[in-house]
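Undergrad: sequence and computational prediction follow.
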Number of protein chains: 2
Amino acid sequence: MKIPAIAISRLSICARNLAVLDEKGVEVISSGRLADMCGGNPAQIRKDLAYFGGFGVRGLGYYVKELLFEIRKILGADREWRLGLVGVGNLGSALLRHAPLADRGCTFVAAFDKTPERIGIRIGGIKVEPPEAINHVIEEKGIEIGVIAVKPEGAQEVADTLVRAGIGAILNFAPTEIRCPAHVSIENVDFSLKLDMLCYRLTSGAST
Amino acid sequence: MKIPAIAISRLSICARNLAVLDEKGVEVISSGRLADMCGGNPAQIRKDLAYFGGFGVRGLGYYVKELLFEIRKILGADREWRLGLVGVGNLGSALLRHAPLADRGCTFVAAFDKTPERIGIRIGGIKVEPPEAINHVIEEKGIEIGVIAVKPEGAQEVADTLVRAGIGAILNFAPTEIRCPAHVSIENVDFSLKLDMLCYRLTSGAST
DNA sequence: GTATGTGAAACCGTTCACAGCA
DNA sequence: TGCTGTGAACGGTTTCACATAC
């Protein structure tokens, strides 16, 4: 069955809120209360979960621990993922030092940059290597997700290199659309675009 | 007329590509070629533009310079915007130093952090101030957009403070859903969620 | 001839409403 | 009784197809 991407993003948000509930010691929650926390509709949450099975108890709700476990399994958040970063500028460096990613099971195991002065330095415990090393290191270290934090002009070329090295997924921070083969997944983190949307709404007088 | 948010995000992407075309000296472009660049459908681009007027020439296409000018006007990208940052950690510091934001007309004019050791230091030319200063500085400096780069636990409180100070829009980098009054616009930049989506697709075997 | 602007149709996700079950 | 799971209705966006205009 075809599962809409937006359903997955909602499950991700559910997982976050379930983790908070679990820490608070809450054991059971209804789709209604969960929808309130996640900012959605109860039926939508039930539908999203129904794509993967029936995890609830009729008349009661969902067991927090159990549901969190199941969603983590669905998302693949129940194991470690190895990340490689390309572009160790301001943003790239911040990502290497960003602890929450590791908490979540995503760990940077390599970093690349073409600037000679940056090669060899260590950031967040990771040594910066030249772009020529990408192909070899991706395979050697079993890196599955490539993170692009270079300037927009260089993003496509970096993506091509990562794809040739056999990467399966790309998280792109450069404000440009990257093209790659269908078997490679791409997600863009585009705060320039998000800023445009805010400026538009401030300009047009629209809210939300 | 109600204009869908996704149409605005596409116009933002169009503007980027038009800027590239303009630099290359391209003078006219069809919706088909523009759609190729932006990764969409020609009819969609024409519909998006039709929300705001008829900018094209039948039988010919769109004049690049003119269309870029019009879209910039629509998005409010034809003027300066003043930003205030809350949370000067790894990510926040990187944003302060991130030149492309200023190129786009968005300039940080203030930064806040609750950590005593950070208060008073300068990053990217901006002096870090304590959270107590938010209310006063937002008004004094005419800040319209607040950028949140604190830990998820503190994000809602920061948002409340910004809203009380009269902010109109919030760009939230914390991986949590923020609640605020309807007259305040929010956009989330949530790379933790994007990572979840990539992990899901790698896990499930789905692509795109 | 060619590409825009736009009603109409198709598609997809959301919401409703209720049967099913603890 | 109460909440889940789900078919059906709804609403909105995408795509099609063509009249219109250069």
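TA: Sure, I can see it.

Undergrad: next SSE after the longest helix along chain A?
TA: Longest helix in chain A, counting residues (DSSP state H): helix A:5-24. Using DSSP states H and E, the helix or strand that directly follows helix A:5-24 along the chain is strand A:28-29.

Undergrad: grab the nearest non-local neighbour of A:Gly61.
TA: Distances taken as CB to CB, 6 or more residues apart in numbering or on different chains place A:Ser30 nearest to A:Gly61, at 3.9 Å, with adjacent residues excluded. In short, each C-beta sits where N, CA and C put it, glycine included.

Undergrad: can you tell me how far the one you found is from A:Thr107?
TA: Counting by CB to CB, to the nearest Å, the gap from A:Ser30 to A:Thr107 is 35 Å.

Undergrad: quick check, pLDDT for A:Thr208.
TA: We have a pLDDT of 63 for A:Thr208.

Undergrad: can you check A:Leu101 too?
TA: Value for A:Leu101, per-residue pLDDT: 87.

Undergrad: and A:Thr161, by the same measure?
TA: At A:Thr161, pLDDT is 98.

Undergrad: hang on, it packs against A:His136?
TA: No - the pair A:Thr161 / A:His136 is not scored as a contact, 11.5 Å apart, by CB atoms under 8 Å.

Undergrad: the more surrounded of those two?
TA: Neighbours of A:Thr161 and A:His136, each counted by other CB atoms under 10 Å in any protein chain shown, are more numerous for A:Thr161; the result is 18 against 11.

Undergrad: now do the same contact list for the more buried one.
TA: Listed by CB atoms under 8 Å, 6 or more residues apart in numbering or on different chains, the contact set of A:Thr161 reads A:86, A:131, A:134-135.

Undergrad: so it, which state does it fall into?
TA: helix (DSSP: H, G, I helix; E, B strand; the rest coil).

Undergrad: please tell me how far it sits from A:Ile138.
TA: 9 Å.

Undergrad: kindly report the same for A:Ala43.
TA: 43 Å.

Undergrad: more crowded one of the two?
TA: Neighbour count, other CB under 10 Å: between A:Ala43 and A:Ile138, A:Ile138 has more, with 23 against 12.

Undergrad: could you find the closest non-adjacent residue to the more buried one?
TA: A:Ala165 (4.0 Å).

Undergrad: name the residue closest to the centre of chain A, please.
TA: A:Leu171 (7.1 Å; CA atoms, centre = their mean).

Undergrad: phi, psi for that one please.
TA: A:Leu171 has phi and psi values of phi -110, psi 110 when expressed as degrees, to the nearest 10.

Undergrad: that one and A:Val184 touch, don't they?
TA: No - the criterion here is CB under 8 Å, and A:Leu171 misses it with A:Val184 at 11.6 Å.

Undergrad: touching stretch A:61-75 from outside, list them.
TA: A:8, A:11-12, A:14-15, A:18-19, A:21-22, A:26-31, A:33-34, A:49, A:52-53, A:55-57, A:77-78, B:196, B:199-200, B:203.

Undergrad: let's go with 7 Å and repeat that
TA: By CB atoms under 7 Å, 6 or more residues apart in numbering or on different chains, the list of residues contacting stretch A:61-75 from outside reads A:11-12, A:14-15, A:18-19, A:21-22, A:26-30, A:52, A:55-56, A:78, B:196, B:199-200.

Undergrad: ramachandran angles for the closest residue to A:Tyr51 other than its chain neighbours?
TA: Excluding the flanking residues, the one nearest A:Tyr51 by CB to CB, 6+ apart is A:Ile3, at 5.0 Å. Main-chain dihedrals, A:Ile3, degrees, to the nearest 10: phi -100, psi 120.

Undergrad: my guess is A:Ile3 meets A:Ala50, correct?
TA: No - using CB atoms under 7 Å, A:Ile3 is not in contact with A:Ala50; the gap is 10.5 Å.
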